[in-house]
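Undergrad: Here's my sequence, what's the structure:
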Amino acid sequence: MLKKKIMLGAVFAMTLLSLTACGGSKDIATMKGGKITVEDFYNKAKTQQSSKQIVQSMILGKVFEEKYGDQVKDSEVKKKFDETKKQYGGQFKSALKSAGYTEAYYKEQIRQQLAIQKGLEKQVKITNEDLKSAWKSFHPEVSAQIIVIDDKAKADEVLKEVKAEGADFAKIAKEKSVDTKTKSNGGRVKFGSTSTNVPSEVQTAAFSLKNDEISEIINVSNPQTHQSQYYIVKMIKNKSKGNSMKPYTAQLKEIAKQNKLKDQAFQQKIIAKVLKEANVKISDSAFSDVLAAYTGTSSSSSAKKSSSKSSTKSSSSSEASSSTTEESSSTEASSEEASTESSSSEAQ
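TA: The predicted structure follows:
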């Protein structure tokens with residue numbers, strides 16, 4: 001959650017909210033010949049696409065927290081919080097400060113994200129077709145050894161070393177691997193289709209290996225540092241899944257569930273349903289389209305249609321002109337909706 005994109009959004013959102021709460025007449029800055037007020041700042045800021053994404057995120061967070069927040073346990077929030085804290089180590093406090101977060105505010109953001117997750121999970125219904133689809137990519141747990149290297153040239157050298165006759169893969173892993181979680185154990189690790197302890201690229205390559213076979217170098221982009229890492233895998237024990245899904249029903253259900261949760265069409269359908277139940281109304285026309293990606297409509301288009309109808313009724317002496325104005329207004333609204341839907345999709 002503390003990725004750069006969200007961090008910048010948090011700083012902006014908190015600044016905007018704190019300033020607007022002070023009132024539109026408050027001065028932000030003064031200079032010879034003029035000044036910049038809170039109202040000036042707000043009118044400028046609300047035209048930015050990033051502002052619309054922040055408002056959308058705030059609406060979703062509040063709506064889902066209201067409906068599903070009671071299902072989020074304090075222990076779940078603490079677990080997520082502690083995971084991030086551990087990830088950042090000694091930099092955690094400075095990361096929070098850079099984001100404009102207090103610990104309490106960050107925990108509230110975690111709670112809202114978990115509420116959204118709970119809301120989506122609540123609507124997941126698994127069918128036989130879902131299970132069959134999950135079965136196609138399923139592989140049961142395997143035992144293997146891995147070596148992770150940060151430099152391609154070094155990885156090439158290590159690959160030659162582990163493939164040499166009589167090489168001790170475990171010893172080389174202890175000496176050369178940069179993966180602190182596995183190197184002390186000779187690189188030993190277990191994983192299957194539902195595991196998250198090794199990258200998916202590594203899983204795919206490993207599942208095709210025979211027992212005692214060593215992979216070629218597998219290039220993986222580290223999601224934390226965005227730097228390349230190079231994996232070498234030795235298969236210890238691989239197992240075929242066979243022809244029956246029955247022994248793996250629980251695992252297949254979990255895979256099918258995660259596939260549903262990742263599906264954008266499913267997300268949009270459920271979010272649209274929850275937003276409708278919450279009866280969300282946008283008061284500021286600048287943000288009228290922030291939910292268009294989910295609702296398929298915008299309050300601005302409704303307002304324009306209403307305005308056109310009113311104009312037609314009150315201008316009976318120029319009926320043809322009013323009709324032309326109404327068509328133009330409708331076309332403009334449709335264009336805005338298409339643009340907003342595209343932007344919202346990118347934000348997701």
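Undergrad: Residue 81 and residue 50: what is the separation?
TA: Note on residue 81: its distance to residue 50, by C-beta to C-beta, to the nearest Å, is 25 Å. C-beta: built from backbone N, CA, C; applies to glycine.
Undergrad: Tell me which of those two has more neighbours.
TA: residue 81 (18 against 14; other C-beta atoms under 10 Å).
Undergrad: Okay, and that one sits in which element?
TA: If you go by DSSP states H and E, residue 81 is part of helix 74-88.
Undergrad: Contacts made by that helix with the rest, please.
TA: Contact with helix 74-88 is made by 1, 2, 92, 95, 103, 106, 107, 110, 111, 113, 114, 224, as judged by C-beta atoms under 8 Å, 6 or more residues apart in numbering.
Undergrad: try stretch 151-158
TA: Stretch 151-158 is contacted by residues 147, 149, 172, 176, 217, 228, 230, 232 when judged by C-beta under 8 Å, 6+ apart.
Undergrad: circling back: let me see the mean pLDDT of the helix holding residue 81.
TA: Mean pLDDT, helix 74-88: 93.
Undergrad: Could you pull up the mean pLDDT of the following helix or strand past that helix?
TA: Using DSSP H and E, the helix or strand that follows helix 74-88 in sequence is helix 92-99. For helix 92-99, mean pLDDT rounds to 89.
Undergrad: which residues of the stretch 51-200 of the chain fall in strands?
TA: 142-149, 188-191 (DSSP state E, counting those that start in this stretch).
Undergrad: Go through the shortest one and flag the buried ones.
TA: The one in question is strand 188-191. Residues of strand 188-191 classed as buried under the neighbour-count rule (16 or more other C-beta atoms under 10 Å) are 188, 189, 191.
Undergrad: One more: stretch 173-183?
TA: Buried residues in stretch 173-183, counted by 16+ other C-beta under 10 Å: 173, 174, 176, 177, 179, 182, 183.
Undergrad: end-to-end on that stretch?
TA: Stretch 173-183 has an end-to-end distance of 6 Å (criterion: C-alpha to C-alpha, to the nearest Å).
Undergrad: cool, and stretch 94-110?
TA: Start-to-end, stretch 94-110 (C-alpha to C-alpha) is 18 Å.
Undergrad: out of the buried residues of stretch 173-183, what pair is the most spread apart?
TA: The distance between the two most remote of the buried residues of stretch 173-183 (C-beta to C-beta) is 12.1 Å, for 176 and 182.
Undergrad: tell me the domain boundaries of the chain?
TA: 4-122, 139-237, 284-348 (automatic domain parsing).
Undergrad: sorry, back to before: keep only those of the contacts of stretch 151-158 that are in helices.
TA: 172, 176 (DSSP state H).
Undergrad: Can you tell me which of the contacts of stretch 151-158 has the most neighbours?
TA: Of all the contacts of stretch 151-158, the highest neighbour tally under other C-beta under 10 Å goes to residue 147, namely 30 neighbours.
Undergrad: ok, now which ones touch it?
TA: If a contact means C-beta under 8 Å, 6+ apart, then residue 147 has 158, 162, 169, 172, 173, 176, 177, 179, 187, 231, 232 as its contacts.
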